[in-house]
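Enquirer: A predicted structure for the sequence below; I have some questions about it.
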Amino acid sequence: MLLTILGLIPILGALAMCAPLGKQARQVGLAVSVATLAFAGYVVYAYLAGESLVITVPWIPAFGAYWALGLDGMGLVMVVLTAILTPAVLVAEWGVPKKIGRWSARAFVGLILLLEGLCLFVFMANDVLLFYLLFEATLIPMYFLIGGFGGARRGYAAVKFLLFGLAGGLIMLVSVIGVYSWSASQGAPSYLISDLIALPDGSEYGWLLMICFLIAFILKAPMVPVHTWLPTAAEEATPGTSVLMVGVLDKIGTFGMIKICVALFPVESQIAAPVMIALALISIVYGALAAIGSPNLLRLVAYTSVSHFGFMVLGIYSFTTAGTSGAIFYMVNHGFSTGALFLVLGFLISRRGSARVADYGGVQKVAPVLAGVLLLAGLSSLALPGMSSFVSEFMVMSAAWSRIPWVGAVAALGTVLAAVYILLMYQRTMTGPVAGEVAGLSDLTLRERVVSGGLVALMLVLGFLPNIALGVIEPTANATQAVMQVAGVTDHQPEFGAEG
Amino acid sequence: MNIADPTFEWFALSPVLAVLAAACLGVLAEAFLPQKPRYYAQLALAEIGLLGGFALLVWNWSAAAVSASGAPQAVTGAKLAMGALVFDPPSYLFWGALLVFGALAVAVFGERAMTGATAFAASVSAIPGSQAEADAIAAKREHTEVFPLALFSLTGMMVFGSAGDLLTMFVALEVMSLPLYLLSGMGRRRRLFSQEAALKYFLLGSFASAFFLFGMALLYGYSGSFDFAVIDTSLATSEMNRGILLAGLGLMAVGLLFKMGVVPFQSWVPDVYAGAPTPVTGFMAICTKLAAAAGLARVFFVALGGERWSWQPVFAVLAIATMAVGVILALSQTDLKRLLAYSAISHAGFLLTAVVGAYQFVPEGQLNSLGAIFYYLVAYGFATIPAFAIITTLRDTSGGEATDLAKWSGLGKSNPLLAGIFSLLLLSFAGIPLTAGFIGKWAVFAAAWQGGFWWLAITGIGFSLVAAYVYIKVIVAMFFGEPAEGVQLGQASMLTWLPISLGAIGTLWLGLFPAQLMDLIAQAQVFVK
């Protein structure tokens, strides 16, 4: 019941935006998102106290579908991430709807809250059909956020986003229907993940089902070569929208890989692992190189995310406890660090009115606080020790190393490239002589300082005390590992597959 | 010679008879009532007939669901009118849907608040542009017989889907088609276009009927009976040449697939949908499909189910062709009515995948092919009637409907509510989750998969993606396009708004809480032989 309420708070808030609130829409929206955060805090408390939060109510008996919500460690941290980022985005984008002026602030706040609610439910879903429905439904508010509040090519970006999303969704529908057929053939149909895990493996379509799920998640967590929608969308959307898109929405991809692909199809996942690792490495290196060469700041951050998603996938498909934990922790850290990067760059871009790297120079002389926060966020993005992302990146790389050393080495190359793209970006925009129009820029306002400072503080806290999160995450990683163990993969085994 | 007295189960037949009676009374009203009150009388008669028929149907169901001793029992169904009609559980479903959607669609027929007149010509017999036409318009004459015509058509549809033998089915086919041919040609604006559509529909429809009749004759020759149950048993026992059976089966399929709008018998759909008055298009789009799907399923599951190895592969190819033609040609349409017409073709293809699955005997509580088809159609009906009703609301400067897609640009700015509802309906067409259309798509593809045609389900899902692009294009234009010049929203009355809002509510409700309807379908999805 608690979990249902948690997801319903923002959705009801979104519905409240239908009322003519006028200028108060943002205040109401912020209050709703803060209430969600507070309630999420209570849910965390209940989870840690060992209360059973699971709810399972029959929803469509003919399909074996349930309104089934529950939390594991991974779901919990993702819920917290979502609940934190949403109010941060609302505060950071306080003036954005008015500035863009096409659609009202009510629409903006309503769509963001709707997105938050749907994402919360996705991370809590324990039923494959429910997961699928929500997974698809999140596309709609995001589509309108990009299309309604984006830049000049917003229409193109929104449609591209939606078509990639729908393509993934429909490919996943193949699996969703196949899973029904599979479980119906074993008796009564059921979409509950717990029931599906208990089914005997060896469905004749097992391969097909796993691959279709996986393609959908690869499209979502954008990996090369199907990442192209992300830079376009991030370039056109408002920075806050991008935070939710990259920080929360795309995590559904990696989340699904762990919760559905690996958990339901351990044998098939194991065989797919070499391909996934190869894709992950390509994403890591390609994303980093593309970021170095990107002339647009928002595009640059989008490409760094492609690289980071490569790390997460690498961690997942290394099939070790450390790798899975690292990947999940990475999902959280990436949300905060990329979120901070997008928001700070958004503050910068809104002042200067341009997202081109070439239009900047010497910003740190006129806006030292902004430059400082950008540097901190950037350092977190390149996984500097002391920042939370360092812990997760290290875990992922050590897991990869323990499986196949050269894979770890290539991944390490990604870290070096990360230093290049972040520092080069900082150097080009923040240092040097003050570029023409930059001279008149003001520094961060109090509102902007609160948001960016809060996110930076979170990164530092998790960097020095990673066990806050890792302790919660570990049971999920252990459970995943246990599934893999049944399928014949042992933890930390040096030899791995044909490639090793 | 001894001829038994025919028996009629009046109570069980009452839903059909109510509609037929309202139609006949409508003819009398047409003849005897003066012009002014006639419109109101006809509209009221039609709605009373349809809703009364629905009430009688529900009464029948609740009576049949209780045994003599008062304990609840499963509804089994019976043959009515000497076996001419099969009043089995699926008949309840299809009749209910036909009556409800008929009532919604006929309400839109009555809309005249926007231009002061209905969508039908003042005098159909007057030559377009002639003095006679101008006189009729000046005299504010109206063709109120559209209401009885729609009721006659609905009577035919109800009988068509529940016929117990081929002869009844053929008569019902004609009863449902002839009024539709007429209705299509009665457009008030662009009259020649409308008449051309009617003529095309009539000629092609006549050919299809002829094919159907020919197929019937061959099947009769093969089995020695028109009765579906007898044909079914004869499949195993007849000593006739199997070529006769296959030829009969193929020719019958032509007639039935024509009504569904399945490739290669789809060519009438875009022209007729675009040319017919928009309220009639909405009526045809769902009600004809319901009747055709019920008839198709009954013929091929009941009478020719034993022969399914012969027709499944052919239908599978046709389903793919239909989906392909529907979605690919919809991509290039610039007229909203034609776009929805091609979308209707693609929906026929999606429906056909479930027919191909021919997945009939399922564990209790799950949907079989027929259940899936029915759910899909209900979802489609709740989207398509309001969609066509919405199309009637946007008017150009001359007061005609602005069906050009470019005219819909920017509607989201001038009327967010209407554009929002239209988007919801389009998303349902596209099968986006949390709308009824998604559950329908899920059900038909699952039926195809369960029937062993998993590759067909996957192909269908692939075409769904292309189809989604078609609908999203419209949404993009409405919300992100610059407002179009020279169009305005007509002030529609409740007769338009009620179907629109009920359709939107139905679309959302069936998308979020499909369980109730599914439970009902699961109890009522097996044909009685």
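Expert: It's in.

Enquirer: residue boundaries of the helices in the stretch 151-300 of chain A?
Expert: A:154-185, A:193-198, A:206-220, A:229-236, A:239-244, A:251-256, A:263-264, A:266-293, A:297-316 (DSSP state H, counting those that start in this stretch).

Enquirer: How far away from the center of its chain is the second one?
Expert: Between the mean C-alpha location of helix A:193-198 and the chain-wide mean there is a distance of 25 Å, by C-alpha atoms, centre = their mean, to the nearest Å.

Enquirer: For chain B, which residues are neighbours of chain A?
Expert: Taking C-beta under 8 Å from any C-beta of the partner chain as the criterion, the neighbours of chain A within chain B are B:363, B:365-367, B:371, B:427, B:432-434, B:438-439, B:441-442, B:445-446, B:449-450, B:454, B:457-458, B:461-462, B:464-465, B:468-469, B:472, B:476, B:479-480, B:514-515, B:518-519, B:521-522. From N, CA and C alone the C-beta is placed, and that goes for glycine too.

Enquirer: switch to 6 Å and redo it
Expert: Applying C-beta under 6 Å from any C-beta of the partner chain, one finds that chain B approaches chain A through B:365-367, B:433-434, B:445-446, B:449-450, B:458, B:461, B:464-465, B:468, B:476, B:480, B:514-515, B:518, B:522.

Enquirer: Any quick ChimeraX command for the buried ones out of those residues?
Expert: Buried subset of the residues of chain B next to chain A, written as a ChimeraX selection, criterion 16 or more other C-beta atoms under 10 Å in any protein chain shown:
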select /B:366,367,433,434,445,446,449,450,458,461,464,465,468,476,480,514,515,518,522
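
Enquirer: worst average pLDDT in the helices of the stretch 151-300 of chain A?
Expert: Looking at the helices of the stretch 151-300 of chain A, the lowest mean pLDDT belongs to helix A:193-198 (a mean of 85).

Enquirer: Please identify the buried residues of that helix?
Expert: A:I193, A:D195, A:L196.

Enquirer: So which of the helices of the stretch 151-300 of chain A is nearest A:V89?
Expert: helix A:239-244 (3.9 Å; C-beta to C-beta).

Enquirer: returning to that earlier point: for the helices of the stretch 151-300 of chain A, which one sits closest to chain B?
Expert: Taking C-beta to the nearest C-beta, helix A:154-185 is the member of the helices of the stretch 151-300 of chain A nearest to chain B, at 4.7 Å.

Enquirer: could you check the angle helix A:229-236 makes with the closest one?
Expert: Relative orientation of helix A:154-185 and helix A:229-236, computed by axes from the mean of the first three to the mean of the last three C-alpha atoms, to 10 degrees: 140 degrees.

Enquirer: between helix A:154-185 and helix A:206-220, how big is the angle?
Expert: Using the same axes, to 10 degrees: helix A:154-185 against helix A:206-220 is 160 degrees.

Enquirer: Show me how far helix A:154-185 is from its chain's centre.
Expert: On C-alpha atoms, centre = their mean, the centre of helix A:154-185 falls 18 Å from that of its chain.

Enquirer: tell me what that helix is packed against?
Expert: Helix A:154-185 is packed against helix A:128-137, helix A:139-149, helix A:206-220, helix A:229-236, helix B:436-450, helix B:454-480, with contacts defined by 3 or more C-beta pairs under 6 Å, 6 or more residues apart in numbering or on different chains; DSSP states H and E.

Enquirer: which one of those helices is the most hemmed in?
Expert: Highest mean neighbour count among those (mean count of other C-beta atoms under 10 Å in any protein chain shown): helix B:436-450, with a mean of 29.

Enquirer: Residue of the stretch 351-500 of chain A closest to chain B, please.
Expert: Closest point on the stretch 351-500 of chain A to chain B, by C-beta to the nearest C-beta, is A:A355, at 20.7 Å.

Enquirer: Can you give me the buried ones in stretch B:248-263?
Expert: Those would be B:248-249, B:251-263, for stretch B:248-263 by 16+ other C-beta under 10 Å.

Enquirer: cool, stretch B:499-509 as well?
Expert: For stretch B:499-509, by 16+ other C-beta under 10 Å, it's B:P499, B:I500, B:L502, B:G503, B:A504, B:G506, B:T507, B:L508.

Enquirer: So what touches it?
Expert: B:104, B:107-108, B:382-383, B:385-386, B:389, B:421, B:424, B:428, B:435-436 (C-beta atoms under 6 Å, 6 or more residues apart in numbering or on different chains).

Enquirer: so how far is that stretch off the chain centroid?
Expert: For stretch B:499-509 - counting by C-alpha atoms, centre = their mean - the centre lies 17 Å from the chain centre.

Enquirer: same question, stretch A:412-427
Expert: The answer for stretch A:412-427 is 21 Å, by C-alpha atoms, centre = their mean.

Enquirer: model confidence over that stretch, on average?
Expert: pLDDT averaged over stretch A:412-427 gives 90.

Enquirer: Kindly report the same for stretch B:307-314.
Expert: Mean predicted confidence for stretch B:307-314 is 91.

Enquirer: dump the residue contacts of the closest residue to chain A within the stretch 51-200 of chain B.
Expert: Closest to chain A within the stretch 51-200 of chain B is B:L93: 14.4 Å, counting by C-beta to the nearest C-beta. When contacts are counted by C-beta under 6 Å, 6+ apart, B:L93 touches B:F374, B:A524.

Enquirer: Report pLDDT for A:F496.
Expert: If you check A:F496, the pLDDT there is 37.

Enquirer: whoops, I mixed them up, B:L498
Expert: We note a pLDDT of 94 for B:L498 in this prediction.

Enquirer: Could you do A:L462 as well?
Expert: So, for A:L462, pLDDT stands at 89.

Enquirer: Kindly confirm my reading that it is in a helix.
Expert: Yes. The assignment for A:L462 (DSSP: H, G, I helix; E, B strand; the rest coil) places it in a helix.

Enquirer: Tell me how many other residues crowd the residue nearest to it when sequence neighbours are not counted.
Expert: Using C-beta to C-beta, 6 or more residues apart in numbering or on different chains and skipping residues adjacent in sequence, the residue nearest A:L462 is A:S388, 3.4 Å away. If you count neighbours by other C-beta atoms under 10 Å in any protein chain shown, A:S388 ends up with 27.

Enquirer: and the gap between A:S388 and A:F394?
Expert: 11 Å (C-beta to C-beta, to the nearest Å).

Enquirer: tell me the contacts of the residue in the stretch 151-300 of chain B positioned nearest to chain A?
Expert: Shortest the stretch 151-300 of chain B-to-chain A distance, computed as C-beta to the nearest C-beta: residue-wise this is B:A297, at 18.3 Å. Contacts for B:A297 (C-beta under 6 Å, 6+ apart) come out as B:L370.

Enquirer: change it to 8 Å
Expert: Residues near B:A297 by C-beta atoms under 8 Å, 6 or more residues apart in numbering or on different chains: B:P90, B:V355, B:S369, B:L370, B:I373, B:F527.

Enquirer: thought the last one was touching B:F301?
Expert: Yes. Shown here, B:F527 and B:F301 form a contact pair, counting by C-beta atoms under 8 Å, at 6.0 Å.
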